[in-house]
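Participant: With the input below, show me the fold.
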Amino acid sequence: MASGGASAKGCLEGAAVGGVVGHVAGKHAVLGAAGGCAVGSHEANKKDKQRAAQAHSSDAAAAAPAASPAPDTKK
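Facilitator: Prediction:
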């Protein structure tokens, strides 16, 4: 599950960038900030999910027992 901190951080960063872009592109800083917040939150959630999946897969690999070598049947 995504943490609220990452979503807030993504929103703040996205809103800052979106506000500047919206202001420069035609005095639409508020619309740019709102759009940037939405995009930033989405990207932060996506990164959190990727990190969680990666951590889960590495935990599963570490917990798996090591395979023993096949017995030597040639004599």
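Participant: Quick one: classify Thr73 as helix, strand or coil.
Facilitator: At Thr73 the chain is in coil, as set by DSSP: H, G, I helix; E, B strand; the rest coil.
Participant: how many neighbours does it have?
Facilitator: Thr73 has 5 neighbours, counted by other Cβ atoms under 10 Å. Yep, even glycine has a C-beta here, placed from its N, CA and C like the rest.
Participant: The spatially most central residue of the chain: which element?
Facilitator: Nearest to the mean C-alpha position of the chain, counting by Cα atoms, centre = their mean, stands Lys47 at 0.6 Å. Assigned by DSSP states H and E, Lys47 belongs to helix 29-63.
Participant: Now do that helix, average pLDDT.
Facilitator: Helix 29-63 shows an average pLDDT of 89 in the prediction.
Participant: Test my guess that Ser41 contacts Lys9.
Facilitator: No. At 9.0 Å, Ser41 does not count as touching Lys9 under the criterion of Cβ atoms under 8 Å.
Participant: between those two, who's got more neighbours?
Facilitator: A count of neighbours by other Cβ under 10 Å puts Ser41 above the other of Ser41 and Lys9, at 21 against 14.
Participant: Make sure Gly32 is actually in contact with Gly14.
Facilitator: No. Contact criterion Cβ under 8 Å: Gly32 and Gly14 do not qualify, at 9.6 Å.
Participant: Return the distance of the helix holding Lys47 from the chain's centre.
Facilitator: How far helix 29-63 lies from its chain's middle: 2 Å, per Cα atoms, centre = their mean, to the nearest Å.
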